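Trainee: Fold the following for me, if possible:
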Amino acid sequence: MTTYVVLLNWTDQGIRSVRESPKRLDAARKVLEEMGGSFKDFYLTMGEYDMVAICEAPDDAVAARFSLTLGTYGNVRTRTLKAFPEAAYRELIGTLG
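Mentor: Down below sits the predicted model:
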């Protein structure tokens, strides 16, 4: 599984109905699980982003489909980052000339 960092911001619609946000998070977990992925961690954050999710998905296409699906609901905007674990980081750096 590949790890992704998903940065989320509420839209105007999403913040107006923020009390429903926990239910929407549960629904998002289910959607990702149905796609073969999972949430590893979730955080409410202060600063540039409202929330951060650490997710796993089988591949980039699933991660992209998940982010697009969330966007169609109209409550959040996402920015998804592919994350390389430390072992992969060390391997990549080790291959530099």
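Trainee: can we go C-alpha only for contacts and neighbour counts from here?
Mentor: Noted.
Trainee: who does the residue lying closest to T78 once chain neighbours are set aside bridge with?
Mentor: Of all residues not flanking T78 in the chain, L8 sits nearest, at 4.7 Å (CA to CA, 6 or more residues apart in numbering). Beta bridges link L8 to M51, T78, judged by DSSP bridges.
Trainee: which residues touch L8?
Mentor: By CA atoms under 8 Å, 6 or more residues apart in numbering, the contact set of L8 is 49-53, 76-79.
Trainee: Which single one of the residues you listed is nearest to Q13?
Mentor: Of all those, the one sitting nearest Q13 is V76; the distance, using CA to CA, is 8.3 Å.
Trainee: how about the helices of the chain, start to end?
Mentor: Taking DSSP state H to define them, one finds helices in the chain at 12-16, 21-34, 60-73, 86-94.
Trainee: chain center to the shortest one, what's the gap?
Mentor: Meaning helix 12-16. What separates the centre of helix 12-16 from the centre of its chain is 19 Å, taken as CA atoms, centre = their mean, to the nearest Å.
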